[in-house]
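Visitor: no sequence on this one, just coordinates:
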């Protein structure tokens, strides 16, 4: 079975540009999570969806960040406008149930660099 | 609030040595779950183990073993006879059942370097 698929693997952009990160969860998983990893803060939960509905976006740092899940097989995380401090690795993860009952399956991540 | 502390930022050992990665957690909940994930140089996060707060039995899986002690709020991970392929960043994580589907709280990770 294919795992969680993220694209692109690497993204380099200039400050002020819009960035869109994409995620395809594992088929049949009804929870989807977006995490951000930085050296300073480690892994932070940004937002998660259940059955395509955003449940908790309290981790989204600012209004510049937005996430959507238009269907069960696709989600996007958008940053507009991007800033250098957004540079990080962004992970998408999916699970078949609540996080304590079902392990999260992570994608390979998108390494974002904002210059 | 939940917190996971991995005090060892980086550990370097020579191949075949045993190594223990420490994890100390904080939670006010009585029902919670602990996890270990491995992040190899390729970058993905790989699930290793899940343990609930009512099961304090140690677990062994090949060269990997986990020691869960509620009395000290610790969930340590030992690799026996380490190999170069074990080199990775290892994360300990926690979630309380009351937290429902909320995401895991991760520690900062321990970078394990196995030298040949």
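Guide: In hand now; what should we look at? This one's a predicted model, so the numbers in the text were calculated from it and none came from an experiment. Numbering: from 1, shown residues only, chains lettered A, B, ... in the order given.
Visitor: Would you mind measuring from the residue in chain B that chain A sits nearest to to residue A:43?
Guide: In chain B, the residue found nearest to chain A is residue B:103; the distance is 3.4 Å by CB to the nearest CB. All C-beta spots, glycine's among them, are computed from the backbone N, C-alpha and C. Distance check for residue B:103 against residue A:43: by CB to CB, to the nearest Å, it reads 9 Å.
Visitor: Below-threshold pLDDT in chain B: ranges please.
Guide: B:99-102 (pLDDT under 70).
Visitor: my bad, chain A
Guide: A:1, A:99-100.
Visitor: who's the residue nearest in space to the middle of it bridged to?
Guide: In chain A, the residue lying closest to the centroid (CA atoms, centre = their mean) is residue A:34, at 3.1 Å. Residue A:34 forms beta bridges with residue A:47, residue A:92, as assigned by DSSP bridges.
Visitor: Bridge partners for the nearest residue to residue B:23 once chain neighbours are set aside, pull those for me.
Guide: The spatial neighbour of residue B:23 that comes closest, neighbours along the chain excluded (CB to CB, 6 or more residues apart in numbering or on different chains), is residue B:92 at 3.4 Å. Taking DSSP bridges as the rule, residue B:92 bridges to residue B:36.
Visitor: Surely residue B:92 is in contact with residue B:107?
Guide: Yes. At 4.5 Å, residue B:92 and residue B:107 qualify as touching, with contact defined as CB atoms under 8 Å.
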